[in-house]
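>>> Build me a model from this:
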Amino acid sequence: MMIIRKVNPRVIMYVMITCTYIYFYYLLTDSPYLVNYLFMWLGLPLSAIYQSYRVVLLAFTGSMIINYYSFFYLHEEIFPNVVKGDFVYLVLFGVFSTAFLLTFIHMTLRLWKETKEANDKLQVIAYHDPLTGAANRLLLKKEFDQLKNTKVDSISLLFLDMNRFKYINDTYGHDVGDQLLAKVVSRVRGELKDSDLLCRLGGDEFVILLSNIDHKELEGLLARIQSSIGQPLSINNHTIQVSASIGSSYTTEVSSVDLDILIKEADEDMYMEKRKGTRGQAL
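Predicted coordinates for the structure are as follows:
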């Protein structure tokens, strides 16, 4: 039950191995048969299940102690026809078995690490924009669906569009434009919480998915994002002043909300703000 409930798993791991060899000791003391001696050696490969070097070495120590006890104190019962000089071969068997298990664990952990790193890279490629590192539409949809199944009071979505971005590309080049987008993403992220998600829809359009936020907090966040983006950027010896138009959508009907509708509402609000120039500099 303690293993299933994961109560102090490291302590339980050592206790299990120790108790196993205590059991082998009493088993051989009570029934000093060769089959029980051979059964004792199973504790060594079974310890590799924990994928821990220390546990295998602990099992090796236990095996050597039981091995010594069996060979010299129960020699007549278990090894009646074996000379005591052959004890070295039993020790070598334990050493080689332990070396094999340690190598196996090393290779397994190395393979697991490489596999995890490869999976992490695939996750980044699958769910993030390669230029800015922001989330892509796929991750946006995934996070949105998770929010709908989570007990949140509200969901809000911001639609951000850079002003005069085509002019920046035409004037300074697309390389500068790409660097600008990456810097803008970095600045916007600095204003968000860990639970907020910044997603690049494409080009210079971004959305930000928020949850458990009220209207006052939303207005404050909008102001901070605008202030952060509005700070001059230095790229390739060019000082560039940028701004963005931001629209928002908000709902407390979390269970029935649709992502596409939220994006459409925020997009429409963004164009209204762009024309008014209140949350961004008009084109």
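>>> Start from the N-terminal end of the stretch 101-250 of the chain and give the strands.
155-162, 197-202, 205-211, 233-235, 238-240, 244-251 (DSSP state E, counting those that start in this stretch).
>>> quick one: buried residues of the second one?
Buried residues in strand 197-202, counted by 16 or more other C-beta atoms under 10 Å: 197-201. For every residue, glycine as well, the C-beta is placed using N, CA and C.
>>> Could you dump those into a markdown table with distance to Val257 added?
Shown next, in a markdown table, are the buried residues of strand 197-202 (distance: C-beta to C-beta, whole Å):
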| residue | distance to Val257 |
| --- | --- |
| Leu197 | 15 |
| Leu198 | 19 |
| Cys199 | 16 |
| Arg200 | 22 |
| Leu201 | 18 |
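>>> right, and Lys274 touches Phe159 too?
No - judged on C-beta atoms under 8 Å, Lys274 makes no contact with Phe159 at a distance of 10.4 Å.
>>> now the end-to-end length of stretch 251-258.
10 Å (C-alpha to C-alpha, to the nearest Å).
>>> ditto for stretch 155-168
For stretch 155-168, the first and last residues are 33 Å from each other (C-alpha to C-alpha).
>>> Quick check, pLDDT for the closest residue to Phe165 other than its chain neighbours.
In space, and not counting its chain neighbours, Phe165 is closest to Asp204: 4.1 Å by C-beta to C-beta, 6 or more residues apart in numbering. With respect to pLDDT, Asp204 has a value of 94.
>>> measure Asp204 to Ser47 for me?
Here the distance between Asp204 and Ser47 works out to 58 Å (C-beta to C-beta, to the nearest Å).
>>> Then Val242?
60 Å.
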